[in-house]
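Student: Kindly generate the corresponding structure for this input.
(2 chains)
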Amino acid sequence: MSQNVICSINDLVANSGVCALINDEQVALFYLPNTEQKVYALANWDPLGKANVISRGMIGNIGEELVVASPLYKQHFSLTSGHCLEEEVSLRTYDVAIEGDFVVFNETVS
Amino acid sequence: MHPIQFLEDGVLKVGTLCAYSYLGRPHSFSIGNGLFSSNSSDVYFLTAAAASAAVLFFMVYDMKVVVVGNGMVGHHYVETLVKSDINADITIIGGETRPAYDRVHLSEVFDGKEPEDLAMCTRQQYKDWGVKAHFGDFVSKINRDAKHVVTEGGRTFDYDKLVLATGSYPFIPPIPGKELPHCLAYRTIDDLGEIKASAKGKKVGVVVGGGLLGLECANALKNLGLEAHVVEFAPGLMGVQLDEGGSNMLRRKIEALGVKVHTSKATQKIVEGDQHRLKMAFADESELETDMIVFSAGIRPYDQLARDADLKVGDRGGIEIDYQCKTSDENIFAIGECAVLGNFIYGLVAPGYRMAEAAVSQLNKSSDDKESFTGADMSTKLKLLGVEVGSIGDSKGMADESRAFVFSDERSDVYKRLNVSADGKKVLGATLVGDTADYDTLLQYYLNDIDLPNDPESLILPASDGEKPALGADALPLAATICSCHNVSKGDIIDSIDGGCVSVADVKGCTKAATGCGGCAALLKNVVDAELNARGVEVNTDICEHFEHTRQELFTIAQATQTKTFDEMIERHGKGMGCDICKPAVASIMASLWNEHVLDSDLVPLQDTNDTFMANMQKDGTYSVVPRVPGGEILPEQLIALGEVAKKYGLYSKITGGQRVDLFGAKMNDLPDIWKELIDAGMETGHAYAKSLRTVKSCVGSTWCRYGVQDSVGQAIDLENRYKGLRTPHKLKMAVSGCTRECAEAQSKDVGVIATENGWNLYVSGNGGMKPRHADLFATDLDTETLLKYIDRFLMFYVRTADRLQRTSVWLENLEGGLDYLREVIIDDSLGICDELETQMQHVVDTYQCEWKTAINDQEKLKRFRQFVNADKDDENVVFVEERGQIRPATEAEKKRSQFKAVG
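Tutor: Next comes the predicted model:
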């Protein structure tokens, strides 16, 4: 496993999302300072709206699930699993964490 | 129901079904040299020759029906017949030159409405229905043996069934001098024109007759700026409906409004005046000078046609009918005000409609489908010169066994009388003046013969402690009429709920209940709530799972507790983290109340993406940019700047419906630079991305236009600059027109302003879009100061009380009490909140900032305008192709095609 620094914690916006490039893939990073995991990463591509916009969605909870709502057609995706609550689609999730002042990506090397 | 309908220019339209059954192969058929075309459901023949050929084939009606008189009732008869299963060839002949109009609201023409606004039908509508309609020609003769009618114009119409809906004419007492110029009647739209012309530049007007119509007419004269007098022969006003106490109270109230009332006055003669045009001399030797006289001393049925044809007429006039609305000739019906049933003339529109429906039903073959008209309730509730008056059943207590409760309050000018049976069990009638809040309840007791509570007086007494005994919706029988305008019973409402309606708004849409005068709105809500409750349907009005409150409650909480952040709101009054429903709703409330920058760190997570990036996200994730162009007025330099920005950043340009320019295809990371250039050119944000004021559209107004009477552009700019930046439950649109030609289409806006010679007419709650709604005329001839005051109050009251994403049109439709209530709140300050509403609005106005100007000078706020936090690249999925010289997003197929050539 290797660890790559993505950005500084100052690049994040609390309780909202930004977008980063990881290995040329667009990844939406969500920073929820009041949760245990604090930072969540999902693919930025909205398979329903067909645009790179997930990082610009609004976050919240539906029941027990932490979710982001797509800014295009408002479907909800789980921040932890990537599953869509309304349709049969999923977003890829990425293993990210906060290390000191940085956001890091834990890449499994095969 | 008509297999064949005439369109414009003799083109004949044949229903598809019919074409199939008679023609066999519609897609390859032609007649003579006729062209033939077919679209999905209709088939058109395009020449007269073809038309006449087709007529021979298809004109198979069961009977010819001729309707004489195109008033409200005659029109209702035709509409009912057209919509029935009866196959009739219908002809309607109207003496007036225009199709049927709403005579009940005639006086509103003096209030700013155009005659067209009152129209109930158009010539085109009749054409579309396949009804032959003739206007401006009176029927002069019925030939019963030949079964035809003859008009003054010499035309003859054959009938199988004849329907007389000739209405009535104003009674003009036989006073010497009544034929002098400026002695007028009040009955038709044409009469109104004469009254208006006669009043022009004059000071005094007299109405002869203190009944319902007379008082309406007095109001009209007052609105025309005349000193209005009412002269009544009887000792009191509205003697038919009101007892002495009620009549006296009405008089007090009307006199307080500046109308002079003269009762027990018998006019002896009318002669030329000394100071004014005319002089009236009364039996008591007093005199009154006036510039015009309008007679409104009752109506008489138009029955001459029937008399000449030897049909039976009543002792005091009117064509005699039976319960089937048949006259003494079984092929002739009479309906509405020209008919008399059991010596009684039903001079209201609702009974007229019921007669029309009963008369139509007689044309059914099966006797099961035939309805009777056996009489109707004549109770009424109305507003005369702004005074509420109600009369139910035996309002004066004439019956021997009648016992009365009377309540009179001379401080608030309220009078109520309740007549009950001797045993105190039943309502016999009631009179209400100055306050008709009890009308609906009393009427239900009366109509449904419901037993009264032990102390019936509590029904009309002001509630001193606790509530009045409410009449539960459960107590009403299924047949109880809830909405008398549209004849909707409690049973109809329950049927609509069976059919899937789950709210008052659903039921309104489905049954039309409460969409006429709106007087039954509160009762309707009771019935719907009770029924839904009984079915265990819990009406959940919570905004979402995080707050057990409505938006309105959240607003009140935030205001009362001075809460400024979402975290505090959800911690104290909700649960969880919030969601994409409650967050923007709270953000909007915070913005309306405190007006802080939307990108402040604790507000930005609450914003929808459009507010976050202060631009409108398009399908491919790029944004569009719309600077404000107040009133649609723009400097050439700014137009050039817009063009230069569009060229520099490769943006697609389009003019919007709100008189501004939309630039599409902007990348998120270009937005700050684009705005810096626009701001340098003197422009500011247009809030196209926000639930807030979008535009105030205007015509060029009196500055340039030959017809304009006020400076509509100036007014629009002032309004736009005043309300720009105000966050509201949903978007807001306004418009200002410089004259009644209404080129700015103000009546389709949330707030519409139309110039008059004396100031501004204010319209509210209009809407275009998916569910168009004509705006309601709210107030007339306002000066600019009052106009702004009313708009301030209107908007803030809407901000306070609307649901999330509820436009002003739907909000008003759902507002209990409707337009009248809204006027009471905003004009009469019935809730005592107007000062507060104005202060709140002034705060928003004073704290306005161009959000983009603030943002481009704040690095922290610009932090998010980066495509990637860790790379300086563009989104590769954003691809444009060229079309008509500009960019557009590439389709998925175009993106896949490797050979495609990308632009920019």
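Student: Tell me what B:W760 is bridged to.
Tutor: B:A755, B:L782 (DSSP bridges).
Student: what residues are up against it?
Tutor: Contact partners of B:W760, counting by Cβ atoms under 8 Å, 6 or more residues apart in numbering or on different chains, are B:Q710, B:Q715, B:V753, B:I754, B:D781, B:L782, B:D783, B:T784, B:L787. C-betas here are computed from N, CA, C, even on glycine.
Student: Would you list the buried entries among these?
Tutor: A residue is treated as buried here by neighbour count (16 or more other Cβ atoms under 10 Å in any protein chain shown); on that basis the buried members of the contacts of B:W760 are B:Q710, B:Q715, B:V753, B:I754, B:D781, B:L782, B:L787.
Student: how about these in CSV, adding pLDDT?
Tutor: Rendered in CSV, the data for the buried ones among the contacts of B:W760 read as follows (pLDDT from 0 to 100):
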residue, pLDDT
B:Q710, 96
B:Q715, 97
B:V753, 97
B:I754, 96
B:D781, 93
B:L782, 95
B:L787, 97
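Student: biggest separation within those residues, which pair?
Tutor: Maximum pairwise distance in these, criterion Cβ to Cβ, is 14.4 Å, between B:Q715 and B:D781.
Student: Now the most centrally placed residue in chain B: closest residue in space that isn't a chain neighbour?
Tutor: Averaging the C-alpha coordinates of chain B gives a centre point, and the residue nearest to it by Cα atoms, centre = their mean is B:D776 (5.8 Å). The shortest distance from B:D776 to any residue other than its chain neighbours is 5.2 Å, reached at B:L819 (Cβ to Cβ, 6 or more residues apart in numbering or on different chains).
Student: right, and the helix or strand after the helix or strand where the one you found lies?
Tutor: Assessed by DSSP states H and E, B:L819 sits inside helix B:818-826. Moving toward the C-terminus from helix B:818-826, the next helix or strand (DSSP H and E) is helix B:834-846.
Student: Against which helices or strands is that next one packed?
Tutor: Helix B:834-846 makes packing contacts with helix B:784-801 when contacts are defined by 3 or more Cβ pairs under 8 Å, 6 or more residues apart in numbering or on different chains; DSSP states H and E.
Student: Could you list the buried residues of the helix it packs on?
Tutor: Within helix B:784-801, the residues that qualify as buried by neighbour count (16+ other Cβ under 10 Å) are B:787-801.
Student: now stretch B:333-349
Tutor: Of the residues in stretch B:333-349, those buried under the neighbour-count criterion (16+ other Cβ under 10 Å) are B:333-341, B:345-349.
Student: Export these as a markdown table, with columns for distance to B:N364 and secondary structure.
Tutor: Conversion of those to a markdown table gives the following (distance: Cβ to Cβ, whole Å; DSSP: H, G, I helix; E, B strand; the rest coil):
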| residue | distance to B:N364 | secondary structure |
| --- | --- | --- |
| B:F333 | 14 | strand |
| B:A334 | 19 | strand |
| B:I335 | 16 | coil |
| B:G336 | 21 | helix |
| B:E337 | 25 | helix |
| B:C338 | 24 | helix |
| B:A339 | 20 | strand |
| B:V340 | 25 | strand |
| B:L341 | 21 | strand |
| B:I345 | 27 | coil |
| B:Y346 | 23 | coil |
| B:G347 | 28 | coil |
| B:L348 | 26 | coil |
| B:V349 | 24 | helix |
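Student: Not counting residues beside it along the chain, what's closest to the spatially most central residue of chain A?
Tutor: What sits nearest the mean C-alpha location of chain A, by Cα atoms, centre = their mean, is A:A41, with 2.7 Å. Nearest in space to A:A41, with sequence neighbours left out and distances taken as Cβ to Cβ, 6+ apart, is A:Y94 at 3.7 Å.
Student: and the one you found, what does it touch?
Tutor: When the contact criterion is Cβ under 8 Å, 6+ apart, the partners of A:Y94 are A:I22, A:V27, A:A41, A:L42, A:A43, A:F105.
Student: before we move on, the earlier item: out of the buried residues of helix B:784-801, which touch chain A?
Tutor: Intersecting those with the surroundings of chain A, defined as Cβ under 8 Å from any Cβ of the partner chain, gives nothing.
Student: Show the model's pLDDT score for B:A514.
Tutor: Predicted confidence (pLDDT) for B:A514: 75.
Student: That one reaches B:C483, doesn't it?
Tutor: Yes: between B:A514 and B:C483 there is a contact under Cβ atoms under 8 Å: 5.8 Å.
Student: Quickly list what's touching both of these two.
Tutor: The contact sets of B:A514 and B:C483 overlap at B:C520, B:L524 (Cβ under 8 Å, 6+ apart).
Student: and chain A, which of its residues are near chain B?
Tutor: Selection of chain A residues close to chain B by Cβ under 8 Å from any Cβ yields A:6-7, A:11-16, A:18-21, A:26, A:29, A:32, A:45, A:49-53, A:56-63, A:66-67, A:69, A:71-72, A:74, A:76.
Student: residues contacting the residue lying closest to B:K222 once chain neighbours are set aside?
Tutor: By the measure of Cβ to Cβ, 6+ apart, the closest residue to B:K222 outside its immediate chain neighbours is B:A228, 4.6 Å from it. Contact partners of B:A228, counting by Cβ under 8 Å, 6+ apart, are B:G205, B:V206, B:V207, B:A218, B:N219, B:L221, B:K222, B:G258, B:V259, B:K260.
Student: which ones among those residues are found in strands?
Tutor: Among these, the ones falling in strands (DSSP state E) are B:G205, B:V206, B:V207, B:K260.
Student: For B:Q324, state which of the residues you listed is nearest.
Tutor: Minimum distance to B:Q324 across those is 38.4 Å, recorded for B:V207 (Cβ to Cβ).
Student: Look up how far chain A lies from the residue nearest to B:Q886 when sequence neighbours are not counted.
Tutor: With Cβ to Cβ, 6+ apart as the criterion, B:Q886 has its nearest non-adjacent residue at 4.7 Å, and that residue is B:Y652. Counting by Cβ to the nearest Cβ, to the nearest Å, the gap from B:Y652 to chain A is 17 Å.
Student: Show the contacting residues for B:Y652.
Tutor: Under the criterion of Cβ under 8 Å, 6+ apart, the contact list for B:Y652 reads B:A646, B:L663, B:F664, B:G665, B:Q886, B:I887, B:R888.
Student: for the chain, what are the low-confidence residue spans?
Tutor: Just so you know, I chose chain A. Along chain A, the model assigns pLDDT under 70 to residues A:1, A:109-110.
Student: Chain B is the one I meant
Tutor: Where chain B drops to pLDDT under 70, the residues are B:1-60, B:463-472, B:515-519, B:538-539, B:898-904.
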